[in-house]
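1. Everything below, folded, please.
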Amino acid sequence: KGEKLVASYGALPAAAYLERYGFLPRTGAARRFAATAELRFELREEDRFIDDKLNLLYLNGAIDGEEVEDGFVEACLGGEPDPEVLRFLRLSLLEGPDAFLLEPIFANEVWNHLGAPISRENEAAVIQAVSDEAEAARQGMLVEASGIYERLRSAELDALEATQRWADAEVLTLPAKEYYQERRLKSLGLDTEWDETEGNQWTGSRGAAW
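-> Okay, the predicted model is just below:
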């Protein structure tokens, strides 16, 4: 008796708060989390590797049986995307020389590899995909609303702008990122320049081949 009654409505994006409970949080962690906008990313139907990618998503629990035919992820963004969203996008945009990771021999490893940048081209495509989706969402909410709906629009626009700032910053860091090839060479101890004198010190892959 006499103590405050405190209720938690959970961590939800702004639109979900308004839809479920009819209000938007104004303070605290709930307010910070609510400053997000929901975006959807999908595998491309014309992707020649779509079956391999759907299988990987299903085997790694990224999609369930009902979604396996579509291959999509819905994410709340308000700045830096969740690592699992980036993992999905790296897989979704895996193509060209990078597609060798879809070979069966890598089946047990590729999901872990996707947790870090694969190649500069793939990572640039991932950043662009996030930027494009954020911009498309922003263009759809340029008309001002009123009352609580204007607050919702403002919160989501802030989130999309934060996401765009993240994308702009990530583009600048592309040259400094470590990609799959560098990580693989480092794991094999082959990340230093070759010196002929090493031939007497190394065996196996590092030694000279004749």
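
2. In contact with the spatially closest residue to Ala11 that is not a sequence neighbour, which residues?
-> Nearest non-adjacent residue to Ala11, counting by Cβ to Cβ, 6 or more residues apart in numbering: Phe33, 4.6 Å away. (Each C-beta comes from the backbone N, C-alpha and C, glycine too.) With contacts defined as Cβ atoms under 8 Å, 6 or more residues apart in numbering, Phe33 is in contact with Ala11, Leu12, Pro13.

3. low-scoring pLDDT stretches of the chain, where are they?
-> Scanning the chain for pLDDT under 70 picks out the ranges 63-69, 194-210.

4. Please enumerate the helices of it.
-> Remark: helices assigned in the chain by DSSP state H are 14-21, 28-34, 50-59, 83-92, 110-113, 120-139, 148-173, 180-187.

5. now the third one and helix 83-92, what's the angle there?
-> What it means is helix 50-59. Here helix 50-59 runs at an angle of 160 degrees relative to helix 83-92 (axes from the mean of the first three to the mean of the last three Cα atoms, to 10 degrees).

6. Helix 50-59: which residues count as buried?
-> Buried positions in helix 50-59, judged by neighbour count with 16 or more other Cβ atoms under 10 Å: Asp52, Lys53, Leu54, Leu56, Leu57.

7. what do you get for stretch 147-162?
-> Buried residues in stretch 147-162, counted by 16+ other Cβ under 10 Å: Arg151, Leu152, Arg153, Ser154, Ala155, Glu156, Leu157, Asp158, Ala159, Leu160, Ala162.

8. Which residue lies nearest the spatial centre of this protein?
-> Leu86 (1.5 Å; Cα atoms, centre = their mean).

9. measure the residue nearest to Ala11 to Pro81 for me?
-> In this view, Phe33 and Pro81 are 14 Å apart by Cβ to Cβ, to the nearest Å.

10. for Ile105, same thing?
-> Distance, Ile105 to Pro81, by Cβ to Cβ: 29 Å.

11. Looking at the two, which is more packed in?
-> The neighbour comparison of Ile105 against Pro81 (other Cβ atoms under 10 Å) goes to Pro81, with 24 against 9.

12. Would you mind measuring from the more buried one to Val126?
-> Distance, Pro81 to Val126, by Cβ to Cβ: 9 Å.

13. try Phe100
-> Per Cβ to Cβ, Phe100 is found 18 Å from Val126.

14. Determine which member of those two has the greater number of neighbouring residues.
-> A direct count of neighbours by other Cβ under 10 Å for Phe100 and Val126 places Val126 higher, at 26 against 11.
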